[in-house]
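K.L.:
What follows is a predicted protein model with its sequence.
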Amino acid sequence: MGASDLRSPLLAKSLYRPENLELAAVLREIREATGQTQTQFAVRLGRGQTYVSNVELGIKRLDLVEVRDYCAALDVPLATLIAQWEARIEPSIHRKTGKRQRKAH
């Protein structure tokens, strides 16, 4: 991997990528749709309110296992979260690559 590879937007640190902020926004919107405060949800998740806040602000990046735990605490299938997130970020992916994906037939 050369130095130019490190500058690729697809290899940028995910904490600073717009996609990470969109994931945080989707998680926040799903929590809010359940009517739970951050504090109530934190109790259900077994974490502190600051943890939930940091996730929702995009400060704390979640790994896949943590995203799965988050979904379980929200009673939302992981696939549903991913579909919502993908629907929001898909246009930005096309802008970055300049390509549109073909639909499978």
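P.N.:
Cool, the structure landed. Numbering: from 1, shown residues only.

K.L.:
Contacts only, for the residue nearest in space to the middle of the chain.
P.N.:
Compute the mean C-alpha point of the chain, and by Cα atoms, centre = their mean the closest residue is Leu23, 2.2 Å away. Going by Cβ atoms under 8 Å, 6 or more residues apart in numbering, Leu23 touches Gly58, Leu62, Val67, Trp85. (Glycine included, C-beta is placed from N, CA and C.)

K.L.:
Apply 6 Å and report the result again.
P.N.:
Trp85 (Cβ atoms under 6 Å, 6 or more residues apart in numbering).

K.L.:
Check which element follows the helix or strand of the chain with the lowest mean pLDDT along the chain.
P.N.:
Across the helices and strands of the chain, the lowest-confidence element by mean pLDDT, DSSP states H and E is helix 3-6, at a mean of 48. Once the chain leaves helix 3-6, the next helix or strand it forms, by DSSP states H and E, is helix 18-33.

K.L.:
what's the average pLDDT for that following helix?
P.N.:
Helix 18-33 carries an average pLDDT of 95.

K.L.:
can you check stretch 67-78 too?
P.N.:
For stretch 67-78, the per-residue pLDDT averages 96.

K.L.:
Can I get it as PDB, trimmed to CA atoms?
P.N.:
Coordinates of each C-alpha in stretch 67-78 appear next as PDB, following Å, rounded to 0.1, in the frame of the first residue of the first chain:
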ATOM      1  CA  VAL A  67     -23.900  -2.300  16.700                       C
ATOM      2  CA  ARG A  68     -25.600  -5.700  17.000                       C
ATOM      3  CA  ASP A  69     -26.000  -5.100  20.800                       C
ATOM      4  CA  TYR A  70     -27.300  -1.700  20.200                       C
ATOM      5  CA  CYS A  71     -29.900  -3.100  17.800                       C
ATOM      6  CA  ALA A  72     -30.900  -5.800  20.300                       C
ATOM      7  CA  ALA A  73     -31.500  -3.200  23.000                       C
ATOM      8  CA  LEU A  74     -33.600  -1.200  20.500                       C
ATOM      9  CA  ASP A  75     -35.500  -4.400  19.400                       C
ATOM     10  CA  VAL A  76     -34.600  -3.600  15.800                       C
ATOM     11  CA  PRO A  77     -33.100  -6.300  13.500                       C
ATOM     12  CA  LEU A  78     -29.500  -5.500  12.500                       C
END
